[in-house]
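Visitor: Using only what follows, build the 3D model:
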Amino acid sequence: MDNNRINRDMDITRDELSQIFTDLQTLVGAYGDLSIAPLPLSEKALTYLNGDITHMKNRTEKDGVTAAAPQFSSLEALRAHIGECTRCGLHRNRNKMVFGEGDAGARLIFIGEGPGADEDRAGRPFVGRAGELLTKIITDGMGLTRDAVYICNIVKCHPPKNRDPEPDEIEACLPFLKHQIDIIKPEVICTLGRVAAQSLFGKAFKISSERGRWNDHRGIPVMPTYHPAYLLRNPSAKRDTWEDIKAVMDRLGLEVK
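Guide: Okay, the predicted model is just below:
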């Protein structure tokens, strides 16, 4: 079938098609929240719509119609798009979603694995004991403020009993993190802990042997280091973490005092 004819007959723009998908996702989520029977769609379609719209292929193999993934002009627009997310099972036990906080134009993003119990109650990232240590690294070590950087996690809801996020939970949330990165456009990313690094670089990544080495995520230099919670349990690792932070500061042109 002629692709140009399809596009003429549909008479629809890419932005409009993207909005249709977004509206369908919202409707599917609302039905689930109200315990209403699902829309009369195929299981494949419902599974697709329950995922993130960024999973749309740029071109479907069946009919060749091009569909553009959504673009977000701000973190606020992205947060509004996420809504009261039910895309994975973590929403069932959360108190508050932890989207992230800091400078929307930050040169540096810190990425952890997921909110803890303190963060779940507050709706803010890194506010417990591990958060206090991260804040000290940022303020006392780097000479910055928390407001000058951006802090977020791989998943935005608290995994029960502080367990590692499951692969399907990471898959559901990772597109939103990538949108955050695209909006902020940082010069450097610093991942905190094994889960954060593996989510970006694959399960083969070993934090014990590969931390401190520069990696790349879609053209942005990434420094993997230990999670502050690990440092609380293993104070001797603070020296290695400080070396990693100094490398980040050097890349950003910040003075090491």
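Visitor: Buried residues, stretch 102-118. List them.
Guide: Residues of stretch 102-118 classed as buried by neighbour count (16 or more other C-beta atoms under 10 Å): 102-103, 106-116, 118. C-betas here are computed from N, CA, C, even on glycine.
Visitor: how far is that stretch from where the chain is centred?
Guide: From the chain centre to the centre of stretch 102-118 is a distance of 9 Å (C-alpha atoms, centre = their mean, to the nearest Å).
Visitor: swap in stretch 233-240?
Guide: The answer for stretch 233-240 is 26 Å, by C-alpha atoms, centre = their mean.
Visitor: now do the same end-to-end measure for that stretch.
Guide: Stretch 233-240 has its terminal residues 14 Å apart, counting by C-alpha to C-alpha, to the nearest Å.
Visitor: What residues of it count as buried?
Guide: Result for stretch 233-240 [16+ other C-beta under 10 Å]: buried residues 237, 238, 240.
Visitor: before we move on, the earlier item: can I get the buried residues of stretch 102-118 in CSV including secondary structure and distance to residue 72?
Guide: Listed next are these as CSV, based on DSSP: H, G, I helix; E, B strand; the rest coil; distance: C-beta to C-beta, whole Å:
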residue, secondary structure, distance to residue 72
102, strand, 17
103, coil, 17
106, coil, 16
107, coil, 20
108, strand, 21
109, strand, 16
110, strand, 21
111, strand, 18
112, strand, 22
113, coil, 23
114, coil, 22
115, coil, 22
116, coil, 27
118, helix, 28
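Visitor: Which of those residues sits closest to residue 159?
Guide: residue 114 (5.3 Å; C-beta to C-beta).
Visitor: Helices along the chain, start to end?
Guide: Ranges of helices in the chain, per DSSP state H, are 3-10, 14-33, 43-50, 75-82, 117-122, 129-136, 167-184, 194-201, 207-210, 228-233, 238-252.
Visitor: Could you pull up the mean pLDDT of the shortest one?
Guide: So the one you mean is helix 207-210. Across helix 207-210, pLDDT averages out at 96.
Visitor: How about residues contacting it?
Guide: Helix 207-210 is contacted from outside by 193, 194, 197, 224, 226, using C-beta atoms under 8 Å, 6 or more residues apart in numbering.
Visitor: Dump the C-alpha coordinates for it into PDB.
Guide: Output of helix 207-210 as PDB, limited to C-alpha atoms (Å, rounded to 0.1, in the frame of the first residue of the first chain):
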ATOM      1  CA  ILE A 207      30.600  -1.600  40.300                       C
ATOM      2  CA  SER A 208      33.500  -2.900  42.400                       C
ATOM      3  CA  SER A 209      35.900  -3.100  39.500                       C
ATOM      4  CA  GLU A 210      34.500  -0.500  37.000                       C
END
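Visitor: Flag every buried residue along it.
Guide: residue 207.
Visitor: what's the closest non-adjacent residue to residue 185?
Guide: Nearest residue to residue 185, sequence neighbours excluded (C-beta to C-beta, 6 or more residues apart in numbering): residue 105, at 7.7 Å.
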